[in-house]
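1. Return atomic coordinates for the entry below.
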Amino acid sequence: MSSENKSITAADFPLALFMLGMPLILAAYSLSNTIAPSNLADILITGLAVIGFLAEPFRNEKDPVAPTWFKVGIPGLLITWISLNSFAGFVFPLVDFLPFLMEARPLIYLLVLVLWITLFGMPDSKQISFWSSCLAILVSLEFGLNFFLHGLAVEPNIFGHYTLTGPILLAGLCATLHSKHENRFTRLVIICGIFCTLTRDISLAAVTIMLLFGPRGILRKMLLVFTLLFFTYISLIPQDMTMLNRNDLPQYWIWFSCLELLARTPSLLLSGFPISIPLPLTVPASLWNIWYDQQYIWTDQGVLLFHITPFWLHMLIGWGLGGIVIIFTGLTFLYRKFPSDMLAGLITTIVMTGLFSPLFYSPPSAIALLYAFICSTRPEIQRFKFE
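-> Down below sits the predicted model:
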């Protein structure tokens, strides 16, 4: 695990902020027995956008981010904080447009990244794997402390839920798939972190990526499969050897309920349901407390599209099969134009983890994945193939 840049540069500051900074902030809240703000990620992405708009007069690509932070970052965060706390009343009439704004989140995150890249340039893929490996070390340490010191086989959650940490770790894993020897140790660290999340879909996606696009060698691949089975067994211990986790019950419920809803209204299968109207669903009383803790906003207004966090289910309900076809067409075109193991791994990540993770609708995973997709188009990455 290494990074060519010993200090955080302006180019990779968004990666450091969301891939490591936000998990550390969540850990600080957790260790102090307080609840982190539900809109913490939105505050950070807004602050990043404000910093980008204010940074133009101070831009210097050769300098580290410190001058930018002191000259622009603190005023930018202050402006963001004051805006969110003092001017909320002026935007109250826009509440009716909230579902549309929530649906535009992936585009907003992409525009913020384009702004930042335009100002400070594109970070190297090694930076993606570096910050991902730092998070992997923290997740592994938490798992090790719980398992070996306290005898608990529980999902590490101090640094965030697996829907936050999982895509970040997978993006870092994919960023190591363009060098045979140089990224070997970093790749191993990230894989260990992924297994230590005790999350089956994230671990299965990682093993699938390594089997299809990773280094060759039958013994290496067999070891990966056996390790996956071992950590899967560990993850089932606190659940009495069942596949159901209590905190994941709302996701299973929303999947089955939405599929049943589509079966009753097949005419909406192609186009999806209206974005601004609550879905004809009622949260069961037995799941209400978990649902409220996970959703926070507008839970008393029914189930809206942005309450559906699994990426593929969200697209199916909001945009129908037409939207999913457009996504797969775009991914196919992208791979044909920029073929590489890294891009193939990222597409596999989207396909497999999108069943339960929000992906591009969550700032941390969106920043990591969008940066990784952009990096995967570089010529030096396309030329490499594992032999």
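2. what comes up buried for the helix or strand residue 138 falls within?
-> Following DSSP states H and E, one finds residue 138 within helix 125-144. Buried residues in helix 125-144, counted by 16 or more other C-beta atoms under 10 Å: 125-136, 138-140, 142-143. Placement of C-beta: from N, CA and C, glycine included.
3. What is the neighbour count of residue 42?
-> A count of neighbours around residue 42, defined by other C-beta atoms under 10 Å, yields 15.
4. and it, that's in a helix?
-> Yes - per DSSP: H, G, I helix; E, B strand; the rest coil, residue 42 lies within a helix segment.
5. Can you tell me the closest non-neighbouring residue to it?
-> Among residues not flanking residue 42 along the chain, residue 363 sits closest, at 6.9 Å (C-beta to C-beta, 6 or more residues apart in numbering).
6. what's the answer for residue 159, then?
-> Leaving out its chain neighbours, the residue that sits closest to residue 159 by C-beta to C-beta, 6+ apart is residue 23, at 3.7 Å.
7. just residue 35 next, same as before
-> Nearest residue to residue 35 in three dimensions, chain neighbours excluded: residue 29, at 6.6 Å (C-beta to C-beta, 6+ apart).
8. And that neighbour, which helix or strand is it part of?
-> Assigned by DSSP H and E, residue 29 falls in helix 22-31.
9. cool, and residue 330?
-> Element membership for residue 330 (DSSP H and E) is helix 311-337.
10. Kindly report the same for residue 49.
-> Using DSSP H and E, residue 49 falls in helix 40-54.
11. what is the mean pLDDT for that helix?
-> Here helix 40-54 scores 81 as its mean pLDDT.
12. which residues touch the closest residue to residue 157 other than its chain neighbours?
-> Among residues not flanking residue 157 along the chain, residue 30 sits closest, at 7.8 Å (C-beta to C-beta, 6+ apart). Neighbour list for residue 30: 36, 157-158 [criterion: C-beta atoms under 8 Å, 6 or more residues apart in numbering].
13. let's see 10 Å
-> 36, 157-160 (C-beta atoms under 10 Å, 6 or more residues apart in numbering).
14. and these as JSON lines, adding secondary structure?
-> Rendered in JSON lines, the data for the contacts of residue 30 read as follows (three-state DSSP):
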{"residue": "36", "secondary structure": "coil"}
{"residue": "157", "secondary structure": "coil"}
{"residue": "158", "secondary structure": "coil"}
{"residue": "159", "secondary structure": "coil"}
{"residue": "160", "secondary structure": "coil"}
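15. now those residues: which count as buried?
-> Listed as buried from the contacts of residue 30 are 36, 157-160; burial here means 16+ other C-beta under 10 Å.
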